[in-house]
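In: quick one, what's the 3D model for this:
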Amino acid sequence: MSRERVRATYVVETPLAPADVAEVMAGEQSCGTFTRVEGETDALRERARAVVEAIEPLESVEEPALPNAWLQRKGLKGPYRRFRVRIAYPVENIGTNLPTLAATVAGNLYDLGEVTGLRLESMEVSAAYRARFEFPVQGIAGTRRLTGVAQGAMVGTILKPNVGMSAQDTAALVARLCAAGVDFIKDDEVCANPDHAPLAERVPAVMAAVRAHQERTGKHVMVAFNISDETEAMLRHAELVEREGGSCVMVSLNWCGFSAVQTLRRRTPLALHGHRNGYGAMSRHPLLGMGFDAYQALWRLAGVDHMHVHGLQGKFAQDDEEVVASARACYAPLTGNVDDAVLPAFSSGQWAGTVPATWQAIGRDDLLFMAGGGILAHPGGAAAGVTSLRQAWSAVRAGTSLQDAARDAPELAAALRFFGGR
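Out: Alright, predicted model coming up:
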């Protein structure tokens, strides 16, 4: 029998001995429970039990990160020790089963009475195990090919207003954005199949505008239609997008779930734009939930092509260091030298002025740089907003400051004046 394992690394807080708690974690998520039971032989434990591979002590604190009734009942108090632990889980326990993989590396661990904080940081899989799961169909190279952007950042925007526009209103806005020069347009996460603009009406109307633009210019603008729904409905929506000549669909990953996204991946060649809305509930507490490295690894096994990472100097709570680390995780192979990178999508409060920080931190332009207000609120209009972004990217690639570039770039100059104080 194979000894192949999935390895997961956690940060844990407990008033108990870290080594004991680590063993509780390993047993709970494999063949054990709070006490040894009938049938749990030494041979079975040798074959099926998870193994604690490493423990790294961290700091101690006087107050717990999270409340814990189990410890209170036992009268156990601090100090609360923090440690990093790596646990290896036998693949035979899991099989080719993404929901069970997630339940194994996370699952009930968050509810253990022994811990006052637990966060899944990262996950490692072997090349053989990774090959059992879905791969991106389009990824970075396919998205460049479909949009016709051979080099440089792909510039995108988000349809605003978020909701309320009819199918024809949406199509008219898409036509204006195509003419403005964007490479990518996406629905908002809260606009999927609303009564006022159902996908059955919106997709044909929008794609008529996209096709008309392509016939005039030769440029295909990728539109990520939000098809988040129950599984069978998503499959129907994706088929409609494909029939209409579309190239991308968007899914709210956390609410549709692993199984639905895997099924969608297997049934469509369209680029899957993975929107992570709700991820903050899993990630914002430093001792709860999971870090992006583990999160993106699980979703990449479902075969997504794009992953949201938020944006530098943006409007959300994540600091720039976390955004940069998230993007780099998307570029890195899940294992070895396997080519399974996904396209990081930078979004949230982005405009021409956030381009230098992005370029300096990432050092490459294999990315989707999305600006909603940064394009649609530009004082010169959407076309000027797109131009300002392209001017900013040209400047940073040439090693020129935005202020110097703006002397000969009126759209960039207007963006710096209008958005600079916000």
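
In: now the helices for the stretch 201-350 of the chain?
Out: For the stretch 201-350 of the chain, the helices defined by DSSP state H, counting those that start in this stretch cover 231-243, 253-256, 258-267, 280-283, 292-300, 320-331.

In: name the helix or strand of this structure that has the lowest mean pLDDT.
Out: Least confident helix or strand, the chain: helix 42-48 with a mean of 74, by mean pLDDT, DSSP states H and E.

In: buried sites along that one?
Out: Using 16 or more other C-beta atoms under 10 Å as the test for burial, helix 42-48 gives Ala48. Just so you know, the C-beta spots here come from the backbone N, C-alpha and C atoms, and that holds for glycine as well.

In: given the helix or strand that it is followed by, what are its sheet partners and their directions?
Out: Scanning forward in sequence from helix 42-48 by DSSP states H and E, the next helix or strand is strand 51-61. According to DSSP bridges, strand 51-61 has the following sheet partners: strand 80-90 (antiparallel).

In: pLDDT on the partner strand, on average?
Out: What strand 80-90 shows for mean pLDDT is 97.

In: do stretch 382-395 as well
Out: Mean pLDDT, computed over stretch 382-395, is 96.

In: for that stretch, buried residues please.
Out: 382-393, 395.

In: between the residues you listed, which sits nearest Ala297?
Out: Closest approach to Ala297 among these (C-beta to C-beta): Trp393, at 29.3 Å.

In: roughly how far apart are the closest one and Ala352?
Out: According to C-beta to C-beta, to the nearest Å, Trp393 stands 9 Å off from Ala352.

In: export the helices of the stretch 201-350 of the chain to TSV and tack on mean pLDDT?
Out: Formatted as TSV, the helices of the stretch 201-350 of the chain follow (pLDDT from 0 to 100):
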stretch	mean pLDDT
helix 231-243	98
helix 253-256	98
helix 258-267	98
helix 280-283	95
helix 292-300	98
helix 320-331	95
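
In: dump those helices into JSON lines; add distance to Gln403 and mean neighbour count as well.
Out: Converted to JSON lines, the helices of the stretch 201-350 of the chain look like this (distance: least, C-beta to C-beta, whole Å; neighbours: other C-beta atoms under 10 Å):
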{"stretch": "helix 231-243", "distance to Gln403": "42", "mean neighbour count": "17"}
{"stretch": "helix 253-256", "distance to Gln403": "39", "mean neighbour count": "19"}
{"stretch": "helix 258-267", "distance to Gln403": "44", "mean neighbour count": "18"}
{"stretch": "helix 280-283", "distance to Gln403": "34", "mean neighbour count": "16"}
{"stretch": "helix 292-300", "distance to Gln403": "33", "mean neighbour count": "23"}
{"stretch": "helix 320-331", "distance to Gln403": "21", "mean neighbour count": "19"}
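
In: what's the closest of these to Ile140?
Out: Among those, helix 320-331 comes nearest to Ile140, with 8.4 Å by C-beta to C-beta.

In: okay, angle between the closest one and helix 292-300 too, please.
Out: 30 degrees (axes from the mean of the first three to the mean of the last three C-alpha atoms, to 10 degrees).

In: what are the boundaries of the strands in the stretch 1-150 of the chain?
Out: Using DSSP state E, counting those that start in this stretch, the strands found in the stretch 1-150 of the chain span residues 5-14, 51-61, 80-90, 117-124.

In: now do the same for the shortest one: mean pLDDT, whole number.
Out: Looking at strand 117-124 alone, the average pLDDT works out to 98.

In: on that earlier part again, export the helices of the stretch 201-350 of the chain to a markdown table and tack on distance to Leu101?
Out: Below are the helices of the stretch 201-350 of the chain laid out as a markdown table (distance: least, C-beta to C-beta, whole Å):
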| stretch | distance to Leu101 |
| --- | --- |
| helix 231-243 | 19 |
| helix 253-256 | 15 |
| helix 258-267 | 9 |
| helix 280-283 | 16 |
| helix 292-300 | 7 |
| helix 320-331 | 18 |
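
In: if we can go back for a sec, export the buried residues of stretch 382-395 to TSV and tack on secondary structure and distance to Arg5?
Out: Converted to TSV, the buried residues of stretch 382-395 look like this (DSSP: H, G, I helix; E, B strand; the rest coil; distance: C-beta to C-beta, whole Å):
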residue	secondary structure	distance to Arg5
Ala382	helix	51
Ala383	helix	54
Ala384	helix	54
Gly385	helix	49
Val386	helix	48
Thr387	helix	52
Ser388	helix	50
Leu389	helix	45
Arg390	helix	47
Gln391	helix	50
Ala392	helix	46
Trp393	helix	43
Ala395	helix	48
